[in-house]
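Engineer: When you get a sec, could you give me coordinates for this:
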Amino acid sequence: MTKTRAPEKRRLTSSPCSRRSASNSDVDRPITVDTSCSSGVTVFRFRLASLNTAVILAGGLGTRLQPLTNIVPKPLLPIGQSTVMDIQILALKKSGFDHVIIATNYMADYLESVIGDGQRYGVKVTVSREPERLGTCGPLSLLRDRLVEPFLMMNGDILTSLDFAQLMAFASQVKADLTVVTTEFTTPFRFGRVVSEGHFITAIEEKPDFKTEILAGIYGMKPAVLELIPDATYFGIDDLIKCMLATKRPIAKFVLKDYWADIGQLPDYELAKETYQIEQARHRRS
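Structural biologist: Numbers count the residues shown, from 1 in each chain. The predicted structure follows:
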């Protein structure tokens, strides 16, 4: 398995937001209209030869999944007969990707020895090891010379039935260097909601669910975003988004309507083990 040498850490002399803005047009390509996607927009067929790389972020400590993650890194937690990362890599292969880069830090030796070079998945797998945790986007600073075409980035603790090819087709066509996948998340509310007019109650809603649109941990990116990411510095997706908004660089949204589950906490992981199997059974029947 190939490892990427980390550059020497250095202090920033200027804000990444003040760096040169790159044109979106330098990575846009002729695209052919194909069908409609779950985001309600037109999907475009892209050329797999140039859009073949995905980055999986697998360096997190997984503290909210302890004691499980004291023994095994979060991406290697079992889901049925597979692991989370097995499922992710095979889903990427199914969507047409042939190169997966794993960004590692916590229990890196263990994770890298289990994943190997990707031969058993039928894709090329390489590793980029962080010398220290760099957040969501910081690991990309180690990959500037390898991410020269539009690429996908995803967290190593999510499960989804999203067709990644649809996402990348949309992300490649839209006039934005960053496409953020969002999904609707429902949180049970513990209290009844009071509806009133003036001093008089007109209705009570018993423990309504609270729905909000959240980041799904999946992103379509063009190489121009790498200019905004500082070297060897902790830099999260929130930092990147704030930087792009501050410099008026457009950010696109791809709304996910397919199955999605986060395993970041023990209750979520236990639930995902059930819901993923149900989702797989549903797909086999359809």
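
Engineer: Now do the contacts for the spatially closest residue to Asn155 that is not a sequence neighbour.
Structural biologist: Distances taken as C-beta to C-beta, 6 or more residues apart in numbering place Gly217 nearest to Asn155, at 3.6 Å, with adjacent residues excluded. Where you see a C-beta, it was placed from the backbone N, CA and C, and this is true even at glycine. Contact analysis of Gly217 by C-beta atoms under 8 Å, 6 or more residues apart in numbering lists 154-155, 157-158, 181, 262.

Engineer: Of those, which is the nearest to Arg285?
Structural biologist: Nearest to Arg285 among the contacts of Gly217 is Ile158, at 23.7 Å by C-beta to C-beta.

Engineer: returning to what we had before: tell me, what's the model's pLDDT at the residue nearest to Asn155?
Structural biologist: As predicted, Gly217 sits at a pLDDT of 96.

Engineer: can you check the one 10 residues further on too?
Structural biologist: With respect to pLDDT, Glu227 has a value of 95.

Engineer: before we move on, what SS does it have?
Structural biologist: Here Glu227 is recorded as helix under DSSP: H, G, I helix; E, B strand; the rest coil.

Engineer: ok, back up a step: now the contacts of Gly217 in JSON lines, with secondary structure, distance to Val72 and pLDDT?
Structural biologist: Below are these laid out as JSON lines (DSSP: H, G, I helix; E, B strand; the rest coil; distance: C-beta to C-beta, whole Å; pLDDT from 0 to 100):
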{"residue": "Met154", "secondary structure": "strand", "distance to Val72": "20", "pLDDT": "98"}
{"residue": "Asn155", "secondary structure": "strand", "distance to Val72": "17", "pLDDT": "97"}
{"residue": "Asp157", "secondary structure": "coil", "distance to Val72": "13", "pLDDT": "95"}
{"residue": "Ile158", "secondary structure": "strand", "distance to Val72": "17", "pLDDT": "96"}
{"residue": "Val181", "secondary structure": "strand", "distance to Val72": "27", "pLDDT": "97"}
{"residue": "Asp262", "secondary structure": "strand", "distance to Val72": "18", "pLDDT": "94"}
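
Engineer: Next, format those residues as CSV and append distance to Ile115 and neighbour count.
Structural biologist: What follows is those, written out as CSV (distance: C-beta to C-beta, whole Å; neighbours: other C-beta atoms under 10 Å):
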residue, distance to Ile115, neighbour count
Met154, 15, 23
Asn155, 16, 22
Asp157, 15, 27
Ile158, 17, 22
Val181, 24, 26
Asp262, 21, 19
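
Engineer: from those, which is closest to Leu57?
Structural biologist: Asn155 (5.3 Å).

Engineer: Was I right to think the closest one contacts Leu215?
Structural biologist: No: applying C-beta atoms under 8 Å as the test, Asn155 and Leu215 come out as separate, 9.3 Å apart.

Engineer: residues in contact with Cys240?
Structural biologist: Careful, residue 240 is Leu and not Cys. Leu240 touches 136-137, 178, 225, 228-229, counting by C-beta under 8 Å, 6+ apart.
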